[in-house]
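Asks: just coords:
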């Protein structure tokens, strides 16, 4: 994919805080900006909030999961070790 450069101006403190958070997540500032731009394209909206909100897209994805939980299907028990989990997954 061809890349394009976007120059923006922001407060130094904002940039430093975003870079620190991105680094904690193991991603770059460019990744944060690209994710924000893609989200804007997909949803055609900009949300500014400190409170997490459920999106319609996520609700649609979680609907079948909630049904499975209520029906007790497609669930696995807890695992006491990574080896137990791997053994269970290999048995499927």
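Replies: In hand now; what should we look at? Everything numeric in this text was worked out from a predicted model, so none of it was measured.
Asks: how does the chain divide up, domain by domain?
Replies: The chain breaks down by automatic domain parsing into domains covering 9-52, 54-92.
Asks: Compile the ones you listed into TSV and extend it with columns for mean neighbour count, mean pLDDT and distance to residue 2.
Replies: C-betas here are computed from N, CA, C, even on glycine. Below are the domains of the chain laid out as TSV (neighbours: other CB atoms under 10 Å; pLDDT from 0 to 100; distance: least, CB to CB, whole Å):
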stretch	mean neighbour count	mean pLDDT	distance to residue 2
domain 9-52	10	90	14
domain 54-92	10	88	27
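Asks: What strand or helix carries residue 65?
Replies: Element membership for residue 65, per DSSP states H and E: helix 56-71.
Asks: Downstream of that helix, the next helix or strand is which one?
Replies: helix 82-91.
Asks: Not counting that next one itself, show me its contacts.
Replies: By CB atoms under 8 Å, 6 or more residues apart in numbering, the residues outside helix 82-91 that reach it are 76, 79.
Asks: With stretch 2-21 instead?
Replies: Outside stretch 2-21, the residues that touch it by CB under 8 Å, 6+ apart are 29, 32-33.
Asks: which one among the residues you listed gets closest to residue 65?
Replies: residue 32 (27.4 Å; CB to CB).
Asks: just checking, the closest one touches residue 22?
Replies: Yes. Using CB atoms under 8 Å, residue 32 is in contact with residue 22, at 5.2 Å.
Asks: Centroid-nearest residue for this protein?
Replies: Central residue of the chain (CA atoms, centre = their mean): residue 35, 9.8 Å from the mean position.
Asks: and the gap between that residue and residue 64?
Replies: For residue 35, the distance to residue 64 equals 25 Å [CB to CB, to the nearest Å].
Asks: follow-up on the earlier one: identify the residues contacting the helix holding residue 65?
Replies: Here helix 56-71 has contacts from 74-75, using CB under 8 Å, 6+ apart.
Asks: Excluding chain neighbours, give the residue nearest to residue 55 in space.
Replies: Leaving aside its sequence neighbours, residue 55 sits nearest to residue 43 (CB to CB, 6 or more residues apart in numbering; 7.3 Å).
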